[in-house]
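*Asks:* Okay, sequence plus prediction incoming.
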Amino acid sequence: ESVKLRQQIQMSLNSNRHLMGDSLSSLTVKELKQLENRLERGITRFRFKKHEMPLAEIEFLQKREIELENESVCLRSKVCKSVRSEMERFQQANTVTGQELSAIHALASRNFFSPAIIEGGGTAYSHPDKKILYLR
């Protein structure tokens with residue numbers, strides 16, 4: 001069994017040398033063609049993987065951007081509702097001075113989304129000014 005393993009090791013070493021371009025003089029034309037085909041198939045797989053990985057990363061980042069944008073909308077909506085309820089509570093208690101009320105209004109005006117999106121729960125992600133990246 002050790003002889004068989006040694007032969008396999010030697011064959012693997014020779015195959016690696018051939019793939020690296022060494023010891024090619026002992027190969028026949030047919031063996032050289034087979035080696036060339038193996039190398040071309042390997043290169044094709046490398047190139048495919050090289051192009052596939054960045055595309056997958058871009059797709060992941062685009063999905064993550066949408067998730068973060070949706071989370072941002074949700075958080076802004078919660079903050080806006082909280083500020084509104086605080087304003088209503090203070091107005092009902094009639095304990096708010098004019099300066100405090102204007103500060104609360106200023107905080108509420110920081111909302112960047114239209115009330116329709118916030119109150120309607122706007123789930124669509126759209127930026128008409130941004131271009132979508134399509135890769136081939």
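*Replies:* The structure has been received and is ready for your questions. Everything numeric here is computed off the predicted structure, so don't read it as measured data. Numbers count the residues shown, from 1 in each chain.
*Asks:* What pLDDT does the model give residue 38?
*Replies:* Residue 38 carries a pLDDT value of 91.
*Asks:* Hmm, it is touching residue 19, no?
*Replies:* Yes. Counting by CB atoms under 8 Å, residue 19 is a contact partner of residue 38 at 7.5 Å. The C-beta positions use only the backbone N, C-alpha and C, and glycine is treated the same way.
*Asks:* Could you list the buried residues of the helix or strand hosting residue 7?
*Replies:* In the assignment (DSSP states H and E), residue 7 maps to helix 2-19. Applying a neighbour-count criterion of 16 or more other CB atoms under 10 Å, one finds residue 18 buried in helix 2-19.
*Asks:* Report the rounded mean pLDDT for that helix.
*Replies:* Here the average pLDDT along helix 2-19 is 90.
*Asks:* list the helices and strands that helix packs on?
*Replies:* Packing partners of helix 2-19 (3 or more CB pairs under 8 Å, 6 or more residues apart in numbering; DSSP states H and E): helix 29-93.
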